[in-house]
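Chemist: what follows is a predicted protein model with its sequence.
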Amino acid sequence: MGSRHPGPIGSRRPDPVGSRRPTSGGPLVSAALLVACSGEGFARARAFTRETLGGWSMGHRSDDATLVITELAANAVAHAVLRPAADGAAEVWLGLSLDPTHLLVTVSDPGDEPPAYTPTDDCALREHGRGLYIVDALAEEWGWTSRPPAGKTVWAKLSTAPPP
């Protein structure tokens, strides 16, 4: 099960809009993307994740990472994005960071409320509200970190090891 505690991202500011520029400073490689919360934005998020991981020779983690980033972005839209950007579309930051043992997937949004995850909820047939269950099942650990003065980053750590 994932843990729900502040993680390694803190109040780090993401890279500029549209950036997918990996930066290498030792063993850590990262990329970030600002996307609109729309069908087109979610498609862009999935493509960004797959293309970035492919470029990092991490294609074996692409399916899980894409699912995690999509679920976290959907939660941000449903629960945390309070007002849209100037063009009318709400926006969230996506982030991917890679070190030798873990892939860190992040979604940053303007909301201050922590993600709502209740592992004792036994309603397996409900249609909505199961995204964090999926994240919890796929991630070694996950959590959230406040981003003062407003907002948060929800993160999930995935192993870089190939599946058995």
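Modeler: Arrived safely, thanks for sending. Note that the structure is a prediction, hence the values are computed from the model and not measured.
Chemist: gap between Val35 and Ala78?
Modeler: Using CB to CB, to the nearest Å, Val35 is found at 15 Å from Ala78. For glycine as for every other residue, the C-beta is placed from the backbone atoms N, C-alpha and C.
Chemist: in terms of neighbours, single out the busier of those two.
Modeler: Val35 (23 against 12; other CB atoms under 10 Å).
Chemist: part of a strand, is Thr153?
Modeler: Yes: assessed by DSSP: H, G, I helix; E, B strand; the rest coil, Thr153 belongs to a strand.
Chemist: could you give the bridge partners of it?
Modeler: Ser108, Thr145 (DSSP bridges).
Chemist: figure out the length between the terminal residues of stretch 135-150.
Modeler: 24 Å (CA to CA, to the nearest Å).
Chemist: what residues of that stretch count as buried?
Modeler: Buried residues in stretch 135-150, counted by 16 or more other CB atoms under 10 Å: 135-136, 138-139, 141-145, 147.
Chemist: now those residues in CSV, with distance to Leu103?
Modeler: Converted to CSV, the buried residues of stretch 135-150 look like this (distance: CB to CB, whole Å):
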residue, distance to Leu103
Val135, 13
Asp136, 16
Leu138, 11
Ala139, 10
Glu141, 12
Trp142, 12
Gly143, 15
Trp144, 17
Thr145, 17
Arg147, 21
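Chemist: switch those over to a markdown table; also include pLDDT.
Modeler: Below are these laid out as a markdown table (pLDDT from 0 to 100):
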| residue | pLDDT |
| --- | --- |
| Val135 | 92 |
| Asp136 | 91 |
| Leu138 | 94 |
| Ala139 | 95 |
| Glu141 | 95 |
| Trp142 | 94 |
| Gly143 | 93 |
| Trp144 | 92 |
| Thr145 | 93 |
| Arg147 | 87 |
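Chemist: in helices only, show me those.
Modeler: Among the buried residues of stretch 135-150, DSSP state H puts 135-136, 138 in helices.
Chemist: same list, those, but as JSON lines with distance to Trp56 please.
Modeler: Converted to JSON lines, those look like this (distance: CB to CB, whole Å):
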{"residue": "Val135", "distance to Trp56": "21"}
{"residue": "Asp136", "distance to Trp56": "24"}
{"residue": "Leu138", "distance to Trp56": "18"}
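Chemist: just curious, which of these is nearest to Asp63?
Modeler: Leu138 (9.4 Å; CB to CB).
Chemist: ok, that closest one - contacts?
Modeler: Contact analysis of Leu138 by CB atoms under 8 Å, 6 or more residues apart in numbering lists 64, 67-68, 156, 158.
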